[in-house]
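Colleague: okay, sequence plus prediction incoming.
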Amino acid sequence: MEIFEIVYLIGFTAATIIRSYYGLQFKRKEIEHSQKENPVVFIGMALWGAVLILPFLSIFSNVLDMADYQIINSLRVLGAFIFIGGLWVIWRSHVDLAGNFSPALFIRNKHTLITTGIYQKIRHPMYLSFFMWATGQALLITNWLAGPLGLLAFALIYLFRVEHEEQQLLDHFGSKYRQYQEKTGRLLPKFMKN
Ligand code: SAH
């Protein structure tokens with residue numbers, strides 16, 4: 001097994017622990033409002049689920065070998081940094097979003113608008129962390145199915161969800177969320193003041 005594959009396995013374990021810890025704190029009875037998702041999001045989620053598991057097939061068997069590709073090691077090292085950075089962002093966004101986290105588009109009955117910590121400059125750090133994760137994975141696990149497919153999968157989730165999520169927060173928090181949108185960027189900080 002290569003060191004890059006070990007990095008993936010350790011990262012996968014760490015992310016599973018973080019997601020399970022915060023996921024278990026989520027209680028369905030606390031949902032106040034639920035927003036419909038675009039059906040494409042479910043396709044993206046199914047693909048994303050597969051892409052998280054495919055590295056195990058790529059590492060522990062040779063069934064995916066025909067989809068392997070090769071890249072220089074320095075790119076794989078870069079991938080390890082992006083991947084570990086993504087893990088840090090997953091963790092920070094869960095800590096800052098705390099009890100407002102939900103696995104789908106739910107407003108909880110004690111929902112508060114978070115505009116501090118990692119949310120101070122960007123509105124969707126958790127989604128940023130999944131893009132970082134997928135980019136890191138594509139460089140660490142050099143297989144078209146176990147790697148870059150993740151970017152496509154998460155792009156589908158993000159592109160078909162983010163407008164609905166922001167509309168739901170706007171409906172709930174009104175001008176407070178509007179002002180927050182003006183000061184922040186979606187995935188990267190807003191550099192231009194307008
Ligand atoms: N899109 C965010 C959060 C993902 S979790 C991110 O990428 O970091 C999804 C839940 O978070 C949704 O129920 C949404 O209503 C809620 N949410 C998103 N931004 C929020 C914020 N700034 N404050 C409180 N809740 C937020």
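Modeller: Everything's here; your move.

Colleague: look at residue 26 and give its secondary structure.
Modeller: Here residue 26 is coil, with the state taken from DSSP: H, G, I helix; E, B strand; the rest coil.

Colleague: wait, it touches residue 101, no?
Modeller: Yes - with contact defined as C-beta atoms under 8 Å, residue 26 reaches residue 101; the gap is 6.6 Å. Yep, even glycine has a C-beta here, placed from its N, CA and C like the rest.

Colleague: go through stretch 59-66 and flag the buried ones.
Modeller: 59, 64 (16 or more other C-beta atoms under 10 Å).

Colleague: rewinding a little: of residue 26 and residue 101, give the one with the bigger neighbour count.
Modeller: Neighbours per residue (other C-beta atoms under 10 Å) separate residue 26 from residue 101, with residue 101 holding more: 19 against 15.

Colleague: what about the closest residue to that one other than its chain neighbours, helix or strand, and which?
Modeller: Nearest-residue entry for residue 101: residue 22, 5.4 Å, with adjacent residues in sequence omitted and distances by C-beta to C-beta, 6 or more residues apart in numbering. Assigned by DSSP states H and E, residue 22 belongs to helix 3-24.

Colleague: touching the ligand at all, that helix?
Modeller: No - using C-beta under 6 Å from any ligand atom, we find that helix 3-24 stays clear of the ligand, coming within 9.5 Å at best.
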